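Colleague: could you work out the structure for the sequence below:
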Amino acid sequence: MVAMMAHCVGTTQSSVFGRRTGLSSSGLKYQGRYAHRSVQCSASVSQEEGTFDARAFRRSLNQTGRYTRKPTNDKESLELMEDHGVGYSTSGLVAQMKEQGNEWKQGDVTVLLAEAYGYCWGVERAVQMAYEARKAYPGKRLHITNEIIHNPKVNQRLKEMDVEFIETTDGGTVGAKDFSNVKEGDVVILPAFGASVQEMRLLNDKKVQIVDTTCPWVSKVWNAVDNQARKGHTSIIHGKWAHEETVATASFAGTYLIVKDMKEAQYVCDFIMEGGDKAEFMAKFKNAMSAGFDPDVDLNRIGMANQTTMLKGETEAIGKLLESTMMKKFGPANLNEHFMIMDTICDATQERQDAVYELTAHQDPADDQRLDMMIVVGGFNSSNTSHLQEIGEMKNIPSFWVDSGARIDVEKNTITHKLAHGELVETQCWLPEKPITIGVTSGASTPDRAIEDVLDKVFKIKDPSFTGIEKKQVSVSKPTHEDHDE
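Modeller: Modelled structure (predicted):
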């Protein structure tokens, strides 16, 4: 019987592969190397049991006639995205800056735009597919399982187009959603960072049309943890356990443990080498491990994976730490038996971080590329944007992270902005009267229009007579990537 609620959080997460026979925390039996525990249901709905291969299931969706995973490049949908300001700029300030080497001078303000910034191809692809779905199914009810991307303006546009966002339940518990309003024949969009395999299975059972906008880079991570599970390795996932992408990735893993940073990874490695207080370990990772996880057993064979938006350097450092730990414990000759790694760092995330490092590399007082400040534009719940902000803070450059131009008060010269680790603050007189050079970047879920709105406010503060940048059609190439079958 189909569950009306899917719960995918912490130790209640149903993982795809169970390596021991026993009971999950939800009471469902699992057995065998490739056994899968079914969707956890609400108390009033019965639960199904049995083995389940998540990768094979996802591939089988292509045969249902109710599954779409590629854009159609519909011209009218692309034009509507441009009109709504949720696509790439082709005539505004950002487009004109790109034509001039990513630099712009407006009065006594010099703006330097990072070489790689804003929308990545996977995010733009997801938004495009959502717009195309609205046009392709004009008489159908459209739902989406989560925010399509981490950008408030884009999500608001979808709501205005009558796309219904599936609500969370249980007071907002991570991964708990109410699908009772989704009916057979409806259309359900899966967001760019994916959906859990439990949600996909539930939606397939409901016989809905699924529009899967999951970024293929995220799918690559799912394949990595699936391979690790098939070879009997525990997946160590560098990510944030409550982040939607990591929730989905964990659902495709077998036994897994999620570490958020180098400090937690070092704690795990110390336990691998020396053992420790098991109760303390279990309490520390209570929301970040698969059901039935046993650190005394499940850390003997491990694999590395990551949330695609994490800081590249930290992911690489954690991977090297895990590898060296397993080499020390089991010896170089046995390393391949006890450790697996696959490059799952998203190239777009890496490029944006590298571009900010380059943008902030000229801080000598005599350098004409020296920045007086950084502006980072992106959704406040965007992981990849937080890491862009983090780079500026680490270099002691005044950095202001805003999710839209609405955070800037032109008359008062104040800005409400977020710090890398979550604090929302207001800074007064943030723009000085002297000439300034501002470095600008934006997160991978940020359309060009958001940058343009922010800079309009900056120019207006510096020059009250400013009336806007005249549009000029330019030739702009957008990021592309070969979309692949899995």
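Colleague: residues in contact with the host helix or strand of residue 328?
Modeller: Residue 328 belongs to helix 312-330 when elements are defined using DSSP states H and E. Under the contact criterion CB atoms under 8 Å, 6 or more residues apart in numbering, helix 312-330 has outside partners 236, 238, 259, 261-262, 265-266, 268-269, 272-273, 302, 304, 306, 335, 337-339, 341, 345, 349-350, 353-354. The C-beta positions use only the backbone N, C-alpha and C, and glycine is treated the same way.
Colleague: mind checking which of these are in helices?
Modeller: 262, 265-266, 268-269, 272-273, 335, 337-338, 349-350, 353-354 (DSSP state H).
Colleague: buried subset of the contacts of helix 312-330?
Modeller: 236, 238, 259, 262, 265, 268-269, 272, 302, 304, 306, 335, 338-339, 341, 345, 349-350, 353 (16 or more other CB atoms under 10 Å).
Colleague: need the ones in helices among the contacts of helix 312-330 in CSV with distance to residue 69 and pLDDT, can you?
Modeller: Output for the ones in helices among the contacts of helix 312-330, formatted as CSV (distance: CB to CB, whole Å; pLDDT from 0 to 100):
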residue, distance to residue 69, pLDDT
262, 35, 97
265, 33, 98
266, 38, 98
268, 35, 98
269, 38, 98
272, 38, 98
273, 43, 98
335, 36, 97
337, 35, 97
338, 35, 98
349, 21, 83
350, 24, 85
353, 28, 91
354, 29, 93
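Colleague: show the pLDDT at the closest residue to residue 157 other than its chain neighbours.
Modeller: In this structure, residue 157 finds its nearest non-sequential neighbour in residue 84, 5.1 Å apart by CB to CB, 6 or more residues apart in numbering. Looking at residue 84, its pLDDT is 94.
Colleague: what of residue 486?
Modeller: Confidence score, pLDDT, at residue 486: 50.
Colleague: what of residue 343?
Modeller: 80.
Colleague: and residue 151, by the same measure?
Modeller: pLDDT, read off for residue 151, is 89.
Colleague: same check, this time on residue 283
Modeller: So residue 283 comes in at 98 (pLDDT).
Colleague: biggest separation within the ones in helices among the contacts of helix 312-330, which pair?
Modeller: 337 and 354 (34.3 Å; CB to CB).
Colleague: what's the single longest strand in this structure?
Modeller: Assignment by DSSP state E gives strand 436-442 as the longest strand of the chain.
Colleague: okay, that strand in CSV with CA atoms only?
Modeller: What follows is strand 436-442, C-alpha atoms only, in CSV (Å, rounded to 0.1, in the frame of the first residue of the first chain):
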residue,chain,number,x,y,z
ILE,A,436,35.5,52.0,-4.4
THR,A,437,36.3,48.7,-6.1
ILE,A,438,33.7,45.9,-5.5
GLY,A,439,34.2,42.3,-6.3
VAL,A,440,30.9,40.5,-7.1
THR,A,441,30.0,36.9,-7.3
SER,A,442,26.9,34.8,-6.9
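Colleague: contact partners of the helix or strand just after it?
Modeller: Next in sequence after strand 436-442, counting helices and strands by DSSP H and E, comes helix 448-462. The contact list for helix 448-462 (CB under 8 Å, 6+ apart) reads 85-89, 92-95, 104, 106-109, 111, 113, 117-119, 151, 153, 375, 377-378, 402-405, 408, 410, 413, 431, 438, 440, 442, 466, 468-469.
Colleague: quick one, the longest strand of the chain and helix 448-462 angle?
Modeller: 160 degrees (axes from the mean of the first three to the mean of the last three CA atoms, to 10 degrees).
Colleague: in contact with residue 103: list those residues for me.
Modeller: Applying CB under 8 Å, 6+ apart, the residues near residue 103 are 97, 110-113.
Colleague: can you add neighbour count and secondary structure and give the residues you listed back as TSV?
Modeller: Shown next, in TSV, are the contacts of residue 103 (neighbours: other CB atoms under 10 Å; DSSP: H, G, I helix; E, B strand; the rest coil):
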residue	neighbour count	secondary structure
97	23	helix
110	18	strand
111	21	strand
112	20	strand
113	25	strand
